[in-house]
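[1] Sequence plus predicted model, see below.
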Amino acid sequence: MRLTASGLSFSRDGRPILRDVGLCLAPGRLLVVAGPNGVGKTTLIRLLLGLLPLEAGTIRLEDRDLTRLSRRELAKAVAYVPQGGTPTFPMTVFEAVLLGRRPHLSWRPGAIDLERCAMALCRLGLDDLAGRDLAALSGGQLQKVLIARALAQETACLFLDEPTASLDLRHQLEVLEMLRELTRQEGKAVLASLHDINLARRFADDVLLLAPGRVHGFGPPETVLTVDALRHVYGVDVCCLQGDGMTGFYPVGPSQ
Amino acid sequence: MQASRNHRPSVPPLPIAGTRGAACRPTAGGIVVVLLVFLFLPATAAARQVEDCFGRTVTVPDQVHRIVVLSRDMLELVRAVEAMPLVVGVSDTLLRDPEFWPELRGKPMVGRWSEPDYEAVATLHPDLLLAYGRYPGPEAEAKLAAAGIPILRLEVYMLSGFDQAARTLGIVLGREAAMEKLLAWRADKFARLAACRRRTTSRPLVYLEGFQRQQAWGPGTAGNESLGAAGARNMAAGLPTSYGEVSPEWVLAGQPDAVIKVTSCNKRYQATDDTALREEAQSILTRPGYDAINAVHQGKVSVLASEIHGGPRAPVGTAYEFRWLHPGICPDIDPAAWNTEYLEKFQHVPAQGFYAWPEPDERGPQ
Amino acid sequence: MLPPSQPGPVGARALALAETWRPVLREQHLLAKRGRFALAGLLVLALAGLLLSLCWGPSGFDPKGVFQGLAGNGTTASAMIRAMRLPRLAMGVLAGLGLGLAGCVAQAVLKNPLASPFTLGISSGGGFGAALAMILWPAAHPATVPGLAIFFSLLTAAFALGMTRLRGAATETLVLAGVAVMFLFSAMTSFIQYMAPQMDLSRIVFWSFGSLAKAGWGEIAVAACLILPAVPWLLLRAPDFDCIMCGDETAASLGINTVRLRRASIAAMSVITAGAICFCGVIGFIGLIAPHMARLAVGGRHRLLLPASGLLGVVLIILADLAGRAIFAPLVLPVGIMTAFCGVPFFFWLLVRRCRRRS
């Protein structure tokens, strides 16, 4: 399912946060939104989900205006993985994943709902944690539970807000490998915001680089994530390193 | 009996200035000095020790000229012994009843009966504050002691202990004779009731309800004593507390012979008819399940006003109870007439108002 | 119509996983069965409590007399059972059910495990209305007190709903606003108590203790009209409550109109609570502890949690009423006091447990 947005603008308290942002999310591709802190990555995702009101611009989901869709229809098309928060109420892992079936079920979960949840759990390797309480999980496990919930939701699009923010090296790689697998094997359209440029460069199919108040670039990571671009956007001098057939950026120091 | 002031100067006569060794002829200045000394002497003269309702000794002035009264019962007693001119301040509820208390017009208000404004009391410079046993709280003694005002706490609500409390009040106000007249009137009425009690062995079981719904009068209450004096048995005499909410099922299971409600409807004196009392009785009849109580079914529900229940006018309330519970015994006892007598003779106000429903003659012998 | 979403895992991968997710499903089926079993157990407990309370009277535990009373007609026993005890129990069932449900909804919608139906100030509003009626029209028709109590309860609820219209109002804002409203009405009620003559004062104070004895069948019918219609609506919304507890954003992304749900839930909760307290006075702690006890029994899913909460509310109120009648018979201790006695220790236990979980 193709998602196109153009001319998105949003202000808070009179301060413009996003101005004239456009992107195109195609099925089977992983789009990474990158940029410094506070540039509006989370705001952009919320706008695309319809959680914040648009000031200007349009978002189209396969030729239909997103703002005209009902909440339920949108929930069947787009799944959201927020940054893992602290659960206030006791809830088991399975129950948390079952929430993802809400757009599909009427009142009681049917056999197919339970099946999809179980599948999602196993896909993420959480099957032995199914009965555990959420509060007993580590940050990485919690993030995986949220992804499992989004998988159980069975949508064509998947939005993730900083999925690797509190994960260690290994879990970061696992999550991003899984996202790539979702795009390649199931043709989902995935949008994720990342703060780690190297992960972005390695895994993304497209990158949307945001600078304060504007879009610095949109396109394949090689063309968008350049040393110059990083200097402009982050104000940091980086040097480009290559090894084992992979390219990475190493921060040298703040630019003058 | 007027007690005489014992003038006992506490300092020896001063040497008069200006005359040394000459004949002691007082000069004008000397007289002024002596007078000033006497004026500023502490009032070591004339105090009286009396007992309050808790048995504590309270020191009150020998001659009381200014009093502040907080409770209605106490004020009725004060008026009964014609000591109203001594009253310099009253609580707020007493001022809201000008028809019954015409003498209080223009008198200052000192706050609530349960928590008076101590500053207002002190401003009036009374010799004495008359209060209930428990209201205001014990801090009152401390606060008024700073202003040198004693508090006399007397329980004049109950039947037992009334005579002693009233006598104490009579002594303090210097009106023993008038108080004895009231006590004699009461004693006479209670004696008549006792004689009528002896004429019958029936002691009906009564559910006596207080101001709140389902609130019963337990042991140690005026209601309990009143029923005893009226020749009846109080259903709630065995309750663990004096006042408590009882379950309606217990009342129904006990099948009392009569139900009497003591109501707190205000302004019984100004009432033009007994509608309010009758409506209270009606509301008891319509309580869920109450019509299965035989007494209620037969209409043996009566209502008493709190003014005639306990306090100085207790014989009136007890007389009503007696007439309701023992119809046909001593029909010459006329509680309404007793009330009229009390109001005219002791309260000096025209007899009026409605205090009980139904009037015993209306029901007739049953 | 949007094109259908991509199917779940297919192909070799799925077959390989098939063996691993079946045990998960089996485990969940067992848990679900356990939850249903527990719910049935709660129903049995509620019925047992009702039966126990029905059989307890002024002469103690007397089941034979009770059944004679139920069967008979015109005798003292039958009047006692039919006209006094049954209405008391019926009112207890309605109030317990309503308060338990409302408490569960309050905790979900306000996302606060210490929330109760009274968090938004509804009980203080009702108390103020009742006090106002008692002091302004002390001898009026008996319907003035419940009438004004309902009016002011709904007024506080309308105020809370108005707060939800504020753009930046999070649930914490709602809770704080509710606390402020509670203090306001409590202060106004205290003022009325202060100015009231002694006789009315007791009446006002007694209303705040809660009592099941004042309701006759007419009042029960009115309370039922207020409490029962909202129950099926709330039960249908159970999956939405599950979602909204995870946060407004998550719930919205799962297809729920959070603003509408919160508003409608607060409205339903307020009507139920108003119906429960206007004839009984304030009966506290049921709405707070019933959901937590229910969660211990049936788990966190609202499909089971809501009815379990309601049933536990019934159990708590009936047992508290029985204890209040039995301990100092024939004196009756107000049911609100008994629920506080039981509720406060449980409340502390909950707090300790929460702190342990956090650390």
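    Cool, the structure landed. Numbers count the residues shown, from 1 in each chain, chains lettered A, B, ... in the order given.

[2] In a strand, residue B:260, correct?
    Yes. Assessed by DSSP: H, G, I helix; E, B strand; the rest coil, residue B:260 belongs to a strand.

[3] which residue does the stretch 251-359 of chain C bring closest to chain A?
    The nearest approach of the stretch 251-359 of chain C to chain A comes at residue C:255, 3.1 Å away (C-beta to the nearest C-beta). The way it works is simple: take the backbone N, C-alpha and C, and place the C-beta from them, glycine included.

[4] Can you tell me how far residue B:111 is from residue C:192?
    Counting by C-beta to C-beta, to the nearest Å, the gap from residue B:111 to residue C:192 is 18 Å.

[5] neighbour-wise, which of the two wins?
    residue C:192 (20 against 17; other C-beta atoms under 10 Å in any protein chain shown).

[6] And the strand or helix carrying residue C:150, what does it pack against?
    Taking DSSP states H and E as the criterion, residue C:150 maps to helix C:144-165. Here helix C:144-165 touches helix C:122-136, helix C:171-195, helix C:217-227, helix C:258-280, going by 3 or more C-beta pairs under 8 Å, 6 or more residues apart in numbering or on different chains; DSSP states H and E.

[7] tell me the mean pLDDT over the first one?
    Helix C:122-136 comes out with an average pLDDT of 88.

[8] List the residues that contact residue A:244.
    By C-beta atoms under 8 Å, 6 or more residues apart in numbering or on different chains, the contact set of residue A:244 is empty.

[9] Show me which helix runs longest in chain B.
    Taking DSSP state H as the assignment, the helix of chain B that covers the most residues is helix B:176-198.

[10] Quick check: mean pLDDT of it?
    Mean per-residue pLDDT for helix B:176-198: 94.

[11] Name the helix or strand for the nearest residue to residue C:59 once chain neighbours are set aside, please.
    Closest residue to residue C:59 apart from its sequence neighbours, by C-beta to C-beta, 6 or more residues apart in numbering or on different chains: residue B:253 at 6.6 Å. Assigned by DSSP H and E, residue B:253 belongs to helix B:248-254.

[12] burial measure for the residue nearest to residue C:59, as a count.
    By other C-beta under 10 Å, neighbour count at residue B:253 equals 17.

[13] Let me know the pLDDT of the residue in chain A that chain C sits nearest to.
    Proximity of chain A to chain C (C-beta to the nearest C-beta) peaks at residue A:75, 3.1 Å away. Per-residue confidence (pLDDT) for residue A:75: 92.

[14] Distance check, the spatially closest residue to it that is not a sequence neighbour against chain B.
    Using C-beta to C-beta, 6+ apart and skipping residues adjacent in sequence, the residue nearest residue A:75 is residue C:255, 3.1 Å away. As judged by C-beta to the nearest C-beta, to the nearest Å, residue C:255 and chain B stand 49 Å apart.

[15] and residue C:255, helix, strand or coil?
    coil.

[16] give me every residue that touches residue 79.
    In the absence of a named chain, chain A is used. Contacts of residue A:79 (C-beta under 8 Å, 6+ apart): A:100, A:149-151, A:153, A:155, A:157-159, C:253.

[17] wrong one, chain C
    Going by C-beta under 8 Å, 6+ apart, residue C:79 touches B:252, B:289, B:291-292.

[18] after the helix or strand encompassing it, next one along is what?
    In this assignment (DSSP H and E), residue C:79 forms part of helix C:76-79. Remark: after helix C:76-79, the chain's next helix or strand is helix C:86-109, criterion DSSP H and E.

[19] Run the angle between that next one and helix C:217-227 for me.
    20 degrees (axes from the mean of the first three to the mean of the last three C-alpha atoms, to 10 degrees).

[20] now helix C:86-109, how far from the centre of its chain.
    In terms of C-alpha atoms, centre = their mean, to the nearest Å, the gap separating the centre of helix C:86-109 from the centre of its chain is 4 Å.

[21] Could you find the closest non-adjacent residue to residue C:302?
    Among residues not flanking residue C:302 along the chain, residue C:238 sits closest, at 3.9 Å (C-beta to C-beta, 6+ apart).

[22] Could you check how far that neighbour is from residue C:314?
    Residue C:238 is 19 Å from residue C:314, by C-beta to C-beta.

[23] Show me which of the two is the more surrounded one.
    residue C:314 (29 against 19).

[24] residues in contact with the helix or strand hosting residue A:32?
    Using DSSP H and E, residue A:32 sits within strand A:30-34. Strand A:30-34 has contacts (C-beta under 8 Å, 6+ apart) with A:23, A:25, A:41, A:44-45, A:179-180, A:183, A:189-195, A:197, A:200, A:203-210, A:221, A:225.

[25] show me what contacts residue A:178?
    Per C-beta under 8 Å, 6+ apart, neighbours of residue A:178: A:123-124, A:147.

[26] Nearest to residue A:57 among the residues you listed?
    residue A:147 (28.5 Å; C-beta to C-beta).

[27] contacting residues for the closest residue to chain B within the stretch 251-359 of chain C?
    Of all residues in the stretch 251-359 of chain C, residue C:330 sits closest to chain B, at 3.8 Å by C-beta to the nearest C-beta. By C-beta under 8 Å, 6+ apart, residue C:330 lies in contact with B:239, B:246-247, B:250, C:58.

[28] Just give the closest residue to the most centrally placed residue in chain B, not the sequence neighbours.
    In chain B, the residue lying closest to the centroid (C-alpha atoms, centre = their mean) is residue B:73, at 2.4 Å. Once flanking residues are discounted, residue B:73 sits nearest to residue B:311: 4.0 Å by C-beta to C-beta, 6+ apart.

[29] In chain B, what helix or strand scores lowest on average pLDDT?
    helix B:28-40 (a mean of 62; mean pLDDT, DSSP states H and E).

[30] For residue B:87, what are phi and psi?
    phi -80, psi 130 (degrees, to the nearest 10).

[31] Domains in the chain, by residue range?
    Just going to use chain A. Domain assignment for chain A, taken from automatic domain parsing, gives A:3-225, A:227-256.

[32] meant chain B actually
    Taken from automatic domain parsing, chain B resolves into B:47-174, B:202-363.

[33] Quick check: what element follows the least confident helix or strand of chain B along the chain?
    Using DSSP H and E, the helix or strand that directly follows helix B:28-40 along the chain is strand B:47-51.

[34] Can you list the strands that that next one pairs with?
    strand B:57-61 (antiparallel) (DSSP bridges).

[35] one step back: from the helices and strands packed on helix C:144-165, which stretch is densest packed?
    Comparing those by mean neighbour count (mean count of other C-beta atoms under 10 Å in any protein chain shown), helix C:122-136 comes out on top with a mean of 26.

[36] from the chain's centre, how far out does stretch B:193-201 sit?
    Remark: stretch B:193-201 is offset 27 Å from the chain centroid, using C-alpha atoms, centre = their mean.

[37] Is residue A:201 in contact with residue A:241, as I believe?
    No. Here residue A:201 does not reach residue A:241: they are 11.4 Å apart, not a contact under C-beta atoms under 8 Å.

[38] Would you tell me which residues of chain B are close to chain C?
    Neighbours of chain C within chain B, by C-beta under 8 Å from any C-beta of the partner chain: B:93, B:113-114, B:211-215, B:239-241, B:244-250, B:252-255, B:264-266, B:276, B:279, B:283, B:288-289, B:291-292.
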